[in-house]
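Asks: next comes the sequence, and after it the predicted model I'd like to discuss.
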Amino acid sequence: MTMLDARSVHYSYEHGVQVLDDVDLRADSGEVVGLIGPNGSGKSTLIQVVFDLLAHQSGTLTIGGHPHTGAAAKHASLYLPSDDYLPQFLTGREYLEMVGHLYGIDLPDPTELFTRFGMQGRLDDLVEDYSHGMRKKTQLISALTTRRPLTVIDETLNGIDVGSLRLCENEIGRLRDEGGAVVLCTHDFALLERLADRIVFLDLGRVVVDAPVRALVDRHGSLATLVFDHLDSAAR
Ligand SMILES: Nc1ncnc2c1ncn2[C@@H]1O[C@H](COP(=O)(O)OP(=O)(O)OP(=O)(O)O)[C@@H](O)[C@H]1O
């Protein structure tokens, strides 16, 4: 089933420059899609349009078959932003409970995940005392406990230690194996070669590649080479 279906999306910020130009982004159940592109290519803008954080201007967007602006779409999806913002006045446990309330679900006890992510004993500390990496990991734990049909992770994996990254890879793989759709926006191409099924490569607000990872690696040798070749090419 197609969990995310964004078609012909255009977006311009107020100054009028077009940032997204006829962009399609699809993610199916049981699929990890890697969203890549140079700085400023429009990845975060696209994700924010998908999550109705920026008002959609043209194109069609559905999540789980529902219009992306409606409650059913919002209930089916979770977005982890690139920043590490969490409410400072809550503990990690309270934050996760709040996320559970927002979705109307009882989340499993996060103690074990906190321990596995190297944060044992910190669940009842205020978020304001967490390091940057701990905040990122708390955001990730919210995704791993709410287990929405669509999870979009915008550079949330940057800045976490290598052991936690390994754990995340395994857990995102498990989400996918259980039928979840995951969109992973990252500059970590090695991670995507290990984890992603398909790559969507945005450049200057347009999709320049949408293909299975295996085929791309077979053709170019690596995702990095694919990107370098494109950036050096006259086609740009
Ligand atoms: N709030 C805003 N107002 C005006 N222009 C913006 C705004 N946010 C982003 N842009 C512009 O939109 C373009 C796309 O930015 P966006 O953040 O979507 O790119 P990105 O691919 O996510 O980049 P990065 O890899 O650096 O995170 C850039 O030219 C950026 O300057």
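Replies: Yes, it's here.
Asks: how about the residues of the chain near the ligand?
Replies: Contacts of the chain with the ligand, taken as CB under 6 Å from any ligand atom, map to 13, 19, 37, 39, 40, 41, 42, 43, 44, 45. Where you see a C-beta, it was placed from the backbone N, CA and C, and this is true even at glycine.
Asks: buried subset of those, written for ChimeraX?
Replies: Selection of the buried residues among these in ChimeraX, burial being defined by 16 or more other CB atoms under 10 Å:
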select :19,37,41,42,43,44,45
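Asks: taking the residues of the chain next to the ligand together, which two end up most distant?
Replies: Pairwise distances across the residues of the chain next to the ligand (CB to CB) peak at 17.0 Å, for the pair 13 and 37.
Asks: helix, strand or coil for residue 82?
Replies: Classification of residue 82 by DSSP: H, G, I helix; E, B strand; the rest coil places it in coil.
Asks: can you count the residues close to it?
Replies: Residue 82: 16 surrounding residues under other CB atoms under 10 Å.
Asks: from residue 152, how far out is it?
Replies: To residue 152, residue 82 is 11 Å away according to CB to CB, to the nearest Å.
Asks: shared neighbours, these two?
Replies: Shared contacts of residue 82 and residue 152 (CB atoms under 8 Å, 6 or more residues apart in numbering): residue 185.
Asks: low-confidence regions, this protein specifically.
Replies: 234-236 (pLDDT under 70).
Asks: strands along that one, start to end?
Replies: Assigned strands in the chain, in chain order: 2-12, 18-28, 31-36, 58-63, 66-67, 77-80, 150-154, 181-185, 198-203, 206-212 (criterion: DSSP state E).
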